[in-house]
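>>> 3D, please:
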Amino acid sequence: MAAEITASNDLSLDAAKGRMLEFQNGLRLAHLLYAVADLGVADQLTSGPLPVDEIAKRVDAHPGTLYRAMRAIASRGVFTEVAPSTFALNTMAETLRSDIPGSMRDHFRYEGQPALQQAYAALGHSIRTGQCAFEQVHGTDLFSYLTARPELGQIFNNAMGELVRHLQSAAVETYDLSEIRRIVDIGGGHGYLVARILQRYPEMRGVVFDLPEVVPGATEVLTEAGVIDRSETFGGDYLTSVPAGADAYVISHVAHQLSDADAITVLKNIREVMDPDGRVVILDPVIPEGDIPHPGKFLDIVMLALTPGRERTEAEFAGLFRAAGLRHVETVALSAPSSVIVAMAD
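Next comes the predicted model:
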């Protein structure tokens, strides 16, 4: 990767202009992928290639313009034109099927929503002021906006659920929790992380803690995972208090949505009620210094546009812990898309 960076820095001016135009075309490619995902094109090709006229009929699209869109996407490796005006799935396009584990269809549908696109278009406001672009554009925060629009909120939950579960699974495999007796997942949503952890550690008990309107959805997940007898669900607000008496508190892909002040509040609430030898386990990207590529650097721009939060460096996490009366003890999988950052009482 370092060699790639050096090569990019050594480009001629003409080559650099070509590369910059490719970046600009990436924006158009993203919009095409949003549209094709929303139409459900990939789902129509699961039984084999189809002429674009038939695809258009099935998804209620204009045949000529659908062809132009798919021709452009296929030129970048998503779908393949196996005969004139006839398209098939390939490995990249398979990710847009709605019927596969880890489907990315709802992720693209969510990112293509006009409300988000308007926020991204207002990133200049965030850069000038340090304020959340989404709130400036829409006059409310992202989660209140989603709550008022249940259909969009469901797309968001599906998209983030698939993405976070993939990252969480890798983290669970990375970090040893075998000494933990009782774990609380702060902002635990529908309980997928607790279910995964309890399946891995059969002697452990787990708590899913999230807003009262969210946690009822965890019961079905925990039951299907076969761990409901070792699980509890609690509704509440982590900015006010958290369940007491656990020896591990997991904060998975929540801290990056929070301002530093709110993140410190959550950590202080945990510090007040955790066991004396307990630990806090944050699952989030850890941003490397310098020009080193890392997916968290662009996820940080998503946070800038849509939330008051941010992705953080290891030093910034350590600063949050100190402010909450905790101390950073280790970071596991530092270069991974999501790392495990661990703290204990100071």
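>>> all helices of the stretch 101-250 of the chain, in order?
Taking DSSP state H, counting those that start in this stretch, the helices of the stretch 101-250 of the chain run over residues 105-111, 114-121, 123-129, 133-138, 142-147, 150-174, 192-200, 218-224.
>>> Export those as a markdown table, with columns for distance to Ile270.
The way it works is simple: take the backbone N, C-alpha and C, and place the C-beta from them, glycine included. Shown next, in a markdown table, are the helices of the stretch 101-250 of the chain (distance: least, C-beta to C-beta, whole Å):
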| stretch | distance to Ile270 |
| --- | --- |
| helix 105-111 | 30 |
| helix 114-121 | 30 |
| helix 123-129 | 29 |
| helix 133-138 | 27 |
| helix 142-147 | 21 |
| helix 150-174 | 18 |
| helix 192-200 | 16 |
| helix 218-224 | 20 |
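>>> In terms of mean pLDDT, which of those helices ranks lowest?
For the helices of the stretch 101-250 of the chain, mean pLDDT drops lowest on helix 150-174, to a mean of 80.
>>> Tabulate the helices of the stretch 101-250 of the chain (JSON lines), appending distance to Ile264 and mean neighbour count.
Formatted as JSON lines, the helices of the stretch 101-250 of the chain follow (distance: least, C-beta to C-beta, whole Å; neighbours: other C-beta atoms under 10 Å):
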{"stretch": "helix 105-111", "distance to Ile264": "29", "mean neighbour count": "22"}
{"stretch": "helix 114-121", "distance to Ile264": "26", "mean neighbour count": "16"}
{"stretch": "helix 123-129", "distance to Ile264": "22", "mean neighbour count": "13"}
{"stretch": "helix 133-138", "distance to Ile264": "21", "mean neighbour count": "19"}
{"stretch": "helix 142-147", "distance to Ile264": "20", "mean neighbour count": "17"}
{"stretch": "helix 150-174", "distance to Ile264": "23", "mean neighbour count": "16"}
{"stretch": "helix 192-200", "distance to Ile264": "23", "mean neighbour count": "21"}
{"stretch": "helix 218-224", "distance to Ile264": "27", "mean neighbour count": "18"}
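>>> for these, which one sits closest to Thr265?
helix 142-147 (16.7 Å; C-beta to C-beta).
>>> So what's the gap between the closest one and the chain middle?
A distance of 16 Å separates the centroid of the chain from that of helix 142-147, by C-alpha atoms, centre = their mean, to the nearest Å.
>>> before we move on, what about stretch 78-89?
30 Å.
>>> Can you list the buried residues in it?
By neighbour count on 16 or more other C-beta atoms under 10 Å, the buried set for stretch 78-89 is 78-81, 85, 87, 89.
>>> just the strands in the chain please.
Ranges of strands in the chain, per DSSP state E, are 50-51, 80-83, 86-88, 182-186, 205-210, 231-235, 248-252, 279-284, 326-332, 339-345.
>>> Tell me which of these sits nearest to Ala122.
strand 279-284 (24.8 Å).
>>> Tell me the gap between stretch 92-104 and the middle of its chain.
16 Å.
>>> mind listing what's buried in it?
92-97, 103-104.
>>> Among these, name the ones in helices.
If you go by DSSP state H, the buried residues of stretch 92-104 have 92-94 in helices.
>>> Just the closest of these to Arg165, please.
Glu94 (18.2 Å).
>>> need the contact list for the closest one.
Contact analysis of Glu94 by C-beta atoms under 8 Å, 6 or more residues apart in numbering lists 42, 100.
>>> let's see 7 Å
Ile100 (C-beta atoms under 7 Å, 6 or more residues apart in numbering).
>>> Same check on Thr307?
132, 142, 257.
>>> rewinding a little: and the furthest pair within the buried residues of stretch 92-104?
It's Met92 and Ser103 that sit farthest apart of those, by C-beta to C-beta, at 13.1 Å.
>>> Please name the nearest non-neighbouring residue to Phe79.
Ala93 (4.5 Å; C-beta to C-beta, 6 or more residues apart in numbering).
>>> Let me see the contact set for that neighbour.
42, 78-79.
>>> So Arg230 sits against Leu198, correct?
Yes: at 5.6 Å, Arg230 and Leu198 qualify as touching, with contact defined as C-beta atoms under 7 Å.
>>> give me phi/psi at the residue lying closest to Asp262 once chain neighbours are set aside?
Distances taken as C-beta to C-beta, 6+ apart place Leu239 nearest to Asp262, at 6.2 Å, with adjacent residues excluded. Main-chain dihedrals, Leu239, degrees, to the nearest 10: phi -80, psi -10.
>>> Now do the contacts for Leu239.
Going by C-beta under 7 Å, 6+ apart, the list of residues near Leu239 reads 262, 265-266.
>>> Considering those, which possesses the most neighbours?
Val266 (24 neighbours; other C-beta atoms under 10 Å).
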